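Q: pasting the structure only:
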């Protein structure tokens, strides 16, 4: 998490959302069908996919003319879409839901505001851009002693260690121990670091230097060189907590998005499903090469296109392989489908680094997970759990 600024706007009826999916061993490549004529809604630059939205007004069957004394059927309820667009955690936050007979626009907006406030609260705990955050305090105590964490920060660190072990260390929140050799954020610089410095810094990455004590919620970094950054996983947790706020407010049909992390709840009030587009990693902003019907599931996308630069005909990006200290080269994008956003966010980077073979094996080993991968050669892979759910519309765009 790197962002601190907040901005407020109220766009129209189309929103961008992120999603990510992966394959498993034995999964076969899908043949790409002829692209349908349906138009895919455009996504914002910060989104990894798009949610296609139709009119919020439910259609009703014709009502026969009333005879004298007949009881007229009530008119169909006009479901209004309410949307909140903000900025937090270094990315665009989009929350949207519909009014219901017992939930007017004011109550829906209040729920969206409360969900966004929860995201801001979690950012304050886990960002490295504030000296008073829990992660900043943990980093300052590296090699010295333990720090007591909130249940939220502890849960995210614990999940981080779970995926580190499951992925044989290719996902590792101690990547921050490398320092600022690579510059992909506000300080972006199209320059390669010295290879000897990268190799020296890479050796400081090791998730096994994080020690957690469940009984006291204490965390300790056992080496003074170890630093932690939760930017690769915390947004998924924040989306889950925002979704919990919306459910407690009585909303059953909504979506919550933070950049490439998304949770979609239920169907639209009149029964139409949400449809999500998987972003074309080399296509224009908002383009999608695949579509998917989504209900009560989360998505997270890892792509090499958001924070990157091209130098001497090669793309360099922010997803670093801890085994080399250099940008991973096996994939262009990975979209993970899971029952919760924390799990999806935890897995996408690992699958991106591992590539189709090992990445799909990891996905298939986790209950309720699926994936769509665009590999380094621009081939599309779809996991078994998603084979009947994903509509491949076209081949992803070629390019560097």
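A: That came in fine, so what should we check first? Being a predicted model, the structure only gives us computed values, none of them experimental. Residues are numbered from 1 along each chain as shown.

Q: make it CA atoms for all contacts and neighbour counts henceforth
A: Will do.

Q: confidence score at the residue nearest the centre of the chain?
A: Central residue of the chain (CA atoms, centre = their mean): residue 261, 1.8 Å from the mean position. What the model reports as pLDDT for residue 261 is 96.

Q: now this structure, which segments are flagged as low pLDDT?
A: Where the chain drops to pLDDT under 70, the residues are 1-75.

Q: What are the boundaries of the helices in it?
A: 105-126, 134-140, 151-166, 195-202, 234-248, 341-354, 356-364 (DSSP state H).

Q: Could you check the angle the first one makes with helix 151-166?
A: Relative orientation of helix 105-126 and helix 151-166, computed by axes from the mean of the first three to the mean of the last three CA atoms, to 10 degrees: 70 degrees.

Q: Not counting helix 105-126 itself, show me its contacts.
A: Contact partners of helix 105-126, identified using CA atoms under 8 Å, 6 or more residues apart in numbering, comprise 1, 80, 82-84, 86, 88-89, 95-99, 130, 133-136, 152-153, 230, 234, 238-239, 241-243, 245-246, 249, 251.

Q: before we move on, back to that, count the residues that sit near the residue lying closest to the residue nearest to the centre of the chain once chain neighbours are set aside.
A: Nearest residue to residue 261 in three dimensions, chain neighbours excluded: residue 300, at 4.4 Å (CA to CA, 6 or more residues apart in numbering). A total of 38 residues lie near residue 300 under the criterion other CA atoms under 10 Å.

Q: ok, what's across the strand from residue 300?
A: Beta-bridge partners recorded for residue 300 (DSSP bridges): residue 261, residue 336.

Q: can I assume it is in contact with residue 349?
A: No. Contact between residue 300 and residue 349 fails when scored by CA atoms under 8 Å: they sit 9.3 Å apart.

Q: which residues do those two both contact?
A: The contact sets of residue 300 and residue 349 do not overlap (CA under 8 Å, 6+ apart).

Q: could I get the helices of the chain as JSON lines with distance to residue 222?
A: Below are these laid out as JSON lines (distance: least, CA to CA, whole Å):
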{"stretch": "helix 105-126", "distance to residue 222": "19"}
{"stretch": "helix 134-140", "distance to residue 222": "11"}
{"stretch": "helix 151-166", "distance to residue 222": "15"}
{"stretch": "helix 195-202", "distance to residue 222": "17"}
{"stretch": "helix 234-248", "distance to residue 222": "22"}
{"stretch": "helix 341-354", "distance to residue 222": "23"}
{"stretch": "helix 356-364", "distance to residue 222": "28"}
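
Q: who are the neighbours in contact with residue 236?
A: Going by CA under 8 Å, 6+ apart, residue 236 touches 258, 261-262, 300, 340-346.
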